[in-house]
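Chemist: Give me a 3D structure for the following:
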Amino acid sequence: MVSGFMHKGSLALLLHAHLPWVRHPEHEEFHEEDWLYEAITETYLPLLRILRKLVAEKVAVKVTFTMTPTLCAMLRDPLLQERAGRYLERGVELAQREIERTTGDGALNELARFYLAKFTEARDFYIRDIAHDVVGAFAQLQADGIIEIITCAATHGFLPLMESVPEAMRAQIFIGRDFHRECFGREPSGIWLPECGYVPGIGRILQEANIRWFVVDAHGLMYGEPRPRFAIYSPYFTPAGPAVIARDRESSKQVWSARDGYPGDPAYRDFYRDIGNELPEDYLHATFPNVGHRRNTGIKYHRITGSENKEIYNRGWAMGAADSHAGDFVRNREKQIEHLRSILPVEPLVLSPFDAELFGHWWYEGPEFLDLVLRKAAYDQRVFRLTTPSIYLSENPTLQMVTPSPSSWGNKGYWEVWLDRCNAWIYPHLHEAARRMTAMARKQAATRSPFTQRVLKQMARELLLAQSSDWAFLMKTGTATEYATRRTKDHLLRFTRLHDMLQENQKDEDFLSACEVRDNLFPDLNWRHYL
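Modeler: Numbering: from 1, shown residues only. Predicted structure coming up:
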């Protein structure tokens, strides 16, 4: 193992784990809830197992994770935990049936047995080893020192489009910080601004929340004032106090690019060829209830191939590709950091952020790739070290001061994705609701009424959920448009009814209770953050 070497630079890997709040207790089966169960099965559990093994083997690595408040709330919710366990049980059952169905096809039968082992392993790990507690398992990894967990805005609201009501921005950040503290038992040092959306007013709120650093896209820093002396390869203090760090496109593009990235290799598993979309529905309904639509099962038999005629997935070839790509990624980081160190008078920091769900869900071999990258970085090179932004900042307390430019990591770098003719209609309503929330919080600031405080809490939940950037994104991309539109409208309608209840001094216990049962996230939410 390489240890104690004089590194030339640092690499900070950051995995942003996020899903929007999707919980429907009013339905026994709900299609969009599968987003969570798929992510648990294919991303969070594999990453936990890999990181636990690295801890057990004392491999010296560091990784930064964002675990957003909505994701943590779902992972901690007893109803969703029970349904996630049911999803895994169904995976085991379907894989067993697939072994019987594919008896006459050696290649498919081998894969069916592979999936049975994977689902069984995941089920046992989730139910027996960590007792459904994914958040607690990640918290333990943070205590072990292998990862740092940072926070995000409460419901992943796109903060720049809340600028006209700064109290809404403040509440998103403060409520997210509070829930992070509840989940992980410590204050977050850093924050992932949703969609890397930044406007200058955010810095003051982060300073007030005692958050030390945040991430922007590269152009947000390069267009800052004054120009950063060391480009995107160093943190910089902002006038408000917190440090800003920019993501490195070169390293991240190698992984996520649809055209040039590793996941497009023909040896890897094809994401879209799921048996849930191909086998007879009567056969599938023996395991999954008939809910009127197809659903992914997680059992996929084909590899990407590069042509319409998909060939059968070969796990050995895929693992060989993952090993080759991990080696290539590490070698490219060596070259990049050696070059940067030769032209910079400071130790360069390369920040490589990715959506965590890329590893396993979208790119099935992603967890194994990450495991190999971490091991190769620890054992096979002497150019860079793996670190976290918090560690780097503690070692480098003197930095240039820069005011970043308004920016995001969306298409064209600003607000286009979340402010388009297809979704712009939501913002007048969101802004009016935010103003009403602020006004009502101030009006009721001295209240001691338990009922009034429950209403104010639920008003805040409904507003926060309506503000989620996921709904505008889904409207823009055309995926789950109807669901995203309905969610936005439903939260705003419930918010308005709750507001009018207080405004008119009415008391509808049944309606309030129904809202609390449906959207029960952030049980200790502090509505006074809107004051």
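Chemist: tell me which helix or strand of the chain sits lowest on mean pLDDT?
Modeler: Ranked by mean pLDDT, DSSP states H and E, the weakest helix or strand in the chain is helix 249-256, scoring a mean of 86.
Chemist: Output the contacting helices and strands for it.
Modeler: Helices and strands touching helix 249-256, by 3 or more Cβ pairs under 8 Å, 6 or more residues apart in numbering; DSSP states H and E, are helix 315-343, strand 349-355. C-beta: built from backbone N, CA, C; applies to glycine.
Chemist: the inter-axis angle of the first one versus helix 249-256?
Modeler: Inter-element angle recorded for helix 315-343 and helix 249-256: 180 degrees (by axes from the mean of the first three to the mean of the last three Cα atoms, to 10 degrees).
Chemist: same deal with the shortest one?
Modeler: Using the same axes, to 10 degrees, one finds that strand 349-355 and helix 249-256 are set 30 degrees apart in direction.
Chemist: And the following helix or strand past strand 349-355, how far out from the chain middle?
Modeler: Helices and strands here follow DSSP states H and E; after strand 349-355, the next one along the chain is helix 366-379. Its chain's C-alpha centre and that of helix 366-379 lie 20 Å apart, by Cα atoms, centre = their mean, to the nearest Å.
Chemist: State the next helix or strand along the chain beyond helix 366-379.
Modeler: Helix 366-379 is succeeded, C-terminally, by strand 384-386 (DSSP H and E).
Chemist: Neighbouring strands - and their directions - for that following strand?
Modeler: Applying DSSP bridges, strand 384-386 is found paired with strand 9-17 (parallel).
Chemist: pLDDT on the partner strand, on average?
Modeler: Across strand 9-17, pLDDT averages out at 98.
Chemist: Just want the angle from that strand to helix 366-379.
Modeler: With the same axes, to 10 degrees as the basis, strand 9-17 and helix 366-379 are set at 160 degrees to each other.
Chemist: Please identify the buried residues of the least confident helix or strand of the chain?
Modeler: 251-252, 254-256 (16 or more other Cβ atoms under 10 Å).
Chemist: Likewise for stretch 456-463?
Modeler: Along stretch 456-463, these residues count as buried under the neighbour rule (16+ other Cβ under 10 Å): 456-463.
Chemist: can you put the buried residues of helix 249-256 in TSV and add distance to Trp418?
Modeler: Below are the buried residues of helix 249-256 laid out as TSV (distance: Cβ to Cβ, whole Å):
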residue	distance to Trp418
Ser251	26
Ser252	21
Gln254	27
Val255	24
Trp256	20
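Chemist: Show me this protein divided up by domain.
Modeler: 9-25+60-412, 421-530 (automatic domain parsing).
Chemist: Which one, of the ones you listed, ends up nearest to Tyr37?
Modeler: Tyr37 lies closest, by Cβ to Cβ, to one member of these: domain 9-25+60-412, at 3.8 Å.
Chemist: gap between Arg76 and Val199?
Modeler: Applying Cβ to Cβ, to the nearest Å, the value for Arg76 to Val199 is 31 Å.
Chemist: likewise Arg170?
Modeler: Arg170 is 13 Å from Val199, by Cβ to Cβ.
Chemist: same check, this time on Phe65
Modeler: 25 Å.
Chemist: didn't Tyr414 look like it was pressed against Pro406?
Modeler: Yes. If you go by Cβ atoms under 8 Å, Tyr414 and Pro406 touch, sitting 7.0 Å apart.
Chemist: Check which helix or strand Thr488 maps to.
Modeler: Assigned by DSSP H and E, Thr488 falls in helix 481-503.
Chemist: Against which helices or strands is the helix or strand just after that helix packed?
Modeler: Per DSSP H and E, the first helix or strand lying C-terminal to helix 481-503 is helix 509-518. Packing partners of helix 509-518 (3+ Cβ pairs under 8 Å, 6+ apart): helix 450-466, helix 481-503.
Chemist: residues near the nearest residue to Glu509 once chain neighbours are set aside, how many?
Modeler: Leaving aside its chain neighbours, Glu509 sits nearest to Phe451 (7.7 Å; criterion: Cβ to Cβ, 6 or more residues apart in numbering). Look at Phe451: counted by other Cβ atoms under 10 Å, it has 13 neighbours.
Chemist: roughly how far apart are Phe451 and Asp510?
Modeler: Note on Phe451: its distance to Asp510, by Cβ to Cβ, is 13 Å.
Chemist: Could you do Ser324 as well?
Modeler: From Ser324 across to Asp510, the span is 61 Å (Cβ to Cβ).
Chemist: Between the two, which has more neighbouring residues?
Modeler: The residue with more neighbours, out of Ser324 and Asp510, is Ser324; 15 against 7, by other Cβ under 10 Å.
Chemist: Touching stretch 443-452 from outside, list them.
Modeler: By Cβ atoms under 8 Å, 6 or more residues apart in numbering, the residues outside stretch 443-452 that reach it are 453, 456, 502, 507, 509, 512, 528, 531.
Chemist: ok, and the closest non-adjacent residue to the third one?
Modeler: This means Leu502. Val455 (5.5 Å).
Chemist: That neighbour: what's it in contact with?
Modeler: Applying Cβ under 8 Å, 6+ apart, the residues near Val455 are 498, 501-502, 512.
Chemist: go again using 10 Å as the cut-off
Modeler: Counting by Cβ atoms under 10 Å, 6 or more residues apart in numbering, Val455 touches 440, 444, 447, 449, 498-499, 501-502, 507-508, 511-512, 515-516, 527.
Chemist: Just give me the closest of the residues you listed to Ser307.
Modeler: Cys515 (50.9 Å).
Chemist: Nearest spatial neighbour of the closest one, chain-adjacent residues omitted?
Modeler: Among residues not flanking Cys515 along the chain, Gln458 sits closest, at 5.0 Å (Cβ to Cβ, 6+ apart).
Chemist: Any figure for the gap between the one you found and Thr452?
Modeler: Separation of Gln458 from Thr452 (Cβ to Cβ): 11 Å.
Chemist: can you list residues touching both of the two?
Modeler: Common neighbours of Gln458 and Thr452 are listed as Met501 (criterion: Cβ under 10 Å, 6+ apart).
Chemist: Show me which of the contacts of Val455 are buried.
Modeler: Buried members of the contacts of Val455, counted by 16+ other Cβ under 10 Å: 440, 444, 498-499, 501-502, 511-512, 515, 527.
Chemist: Put together TSV for those residues, with distance to Ala56 and pLDDT on each row.
Modeler: TSV is the format used below for the buried ones among the contacts of Val455 (distance: Cβ to Cβ, whole Å; pLDDT from 0 to 100):
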residue	distance to Ala56	pLDDT
Met440	52	98
Gln444	52	97
Leu498	49	98
His499	52	98
Met501	54	97
Leu502	53	97
Phe511	51	98
Leu512	48	98
Cys515	45	98
Trp527	43	98
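Chemist: which of those lies closest to Leu393?
Modeler: Taking the buried ones among the contacts of Val455 together and measuring to Leu393 by Cβ to Cβ, the closest member is Trp527, at 32.6 Å.
Chemist: Arg461 versus that closest one, what's the distance?
Modeler: 9 Å.
Chemist: again with Pro397
Modeler: 39 Å.
Chemist: hang on, the earlier thing: for the domains of the chain, give me a markdown table that also has distance to Tyr37.
Modeler: Converted to a markdown table, the domains of the chain look like this (distance: least, Cβ to Cβ, whole Å):
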| stretch | distance to Tyr37 |
| --- | --- |
| domain 9-25+60-412 | 4 |
| domain 421-530 | 16 |
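Chemist: Surely Trp415 is in a strand?
Modeler: No. According to DSSP: H, G, I helix; E, B strand; the rest coil, Trp415 belongs to no strand; its state is coil.
Chemist: List the contacts of it.
Modeler: 158, 160-161, 195, 197, 199, 406-408, 472.
Chemist: Which members of those residues are positioned in helices?
Modeler: Among the contacts of Trp415, DSSP state H puts Ala472 in helices.
Chemist: Let me have the contacts of Trp415 in CSV, adding pLDDT, distance to Leu54 and neighbour count as columns.
Modeler: Formatted as CSV, the contacts of Trp415 follow (pLDDT from 0 to 100; distance: Cβ to Cβ, whole Å; neighbours: other Cβ atoms under 10 Å):
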residue, pLDDT, distance to Leu54, neighbour count
Phe158, 98, 34, 26
Pro160, 97, 37, 22
Leu161, 97, 39, 24
Glu195, 97, 30, 24
Gly197, 98, 33, 27
Val199, 97, 38, 20
Pro406, 97, 39, 18
Ser407, 97, 34, 26
Ser408, 97, 33, 28
Ala472, 97, 37, 27
